[in-house]
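Enquirer: Got a predicted structure here, sequence first:
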Amino acid sequence: QVQLVESGGGLVQAGGSLRLSCAASGRTFSVNNMGWFRQAPGKEREFVAGITWRGGTTYVADSVKGRFTISRDNNKNMVYLQMNSLEPEDTAVYFCAGDRPSHIIEARASEYDYWGHGTQVTVSS
């Protein structure tokens, strides 16, 4: 079992940056693939970025490619999402999620077993 708690969200102007953090507890964290998803009001939850359990492979959605970076520190049980050049369209609740270990990074939310409660990111124009 893995418990996830996100932090780092807030209000930022367009063009600004935020770094989201996801603190994990549970002895299986280091063997889980991890992902970040987001959900805007009235929209479905969408994949943002994922990272394999050793951190050797990452994948980001086309909508954030070149602006967002995912990383992890297994010694600290942390996953991060660095968000640069933020746009109003990035406004959403951002969720951290845990998946089983694999060389494949899943983009489907239904494949993730563990979820945090989310942190709000609001980008003003």
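Expert: That came in fine, so what should we check first?
Enquirer: Name the helix or strand for residue 50, please.
Expert: Secondary structure assignment for residue 50, by DSSP states H and E: strand 46-51.
Enquirer: in its sheet, what does that strand sit against?
Expert: strand 33-39 (antiparallel), strand 58-60 (antiparallel) (DSSP bridges).
Enquirer: Deepest-packed of these, please.
Expert: Using mean count of other Cβ atoms under 10 Å, the stretch among the strands paired with strand 46-51 with the greatest mean number of neighbours is strand 33-39 (a mean of 24). Heads up, the C-betas are built off the backbone N, CA and C, glycines and all.
Enquirer: and it, how far from the chain's centre?
Expert: The chain centroid and the centroid of strand 33-39 are separated by 4 Å under Cα atoms, centre = their mean, to the nearest Å.
Enquirer: about what we covered before: pipe the strands paired with strand 46-51 into a markdown table and attach mean pLDDT and distance to residue 117 per row.
Expert: As requested, the strands paired with strand 46-51 are arranged in a markdown table below (pLDDT from 0 to 100; distance: least, Cβ to Cβ, whole Å):
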| stretch | mean pLDDT | distance to residue 117 |
| --- | --- | --- |
| strand 33-39 | 97 | 12 |
| strand 58-60 | 97 | 23 |
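Enquirer: right, and the ones you listed - which one's nearest residue 121?
Expert: Each of those was checked against residue 121 via Cβ to Cβ, and the shortest separation belongs to strand 33-39, namely 7.6 Å.
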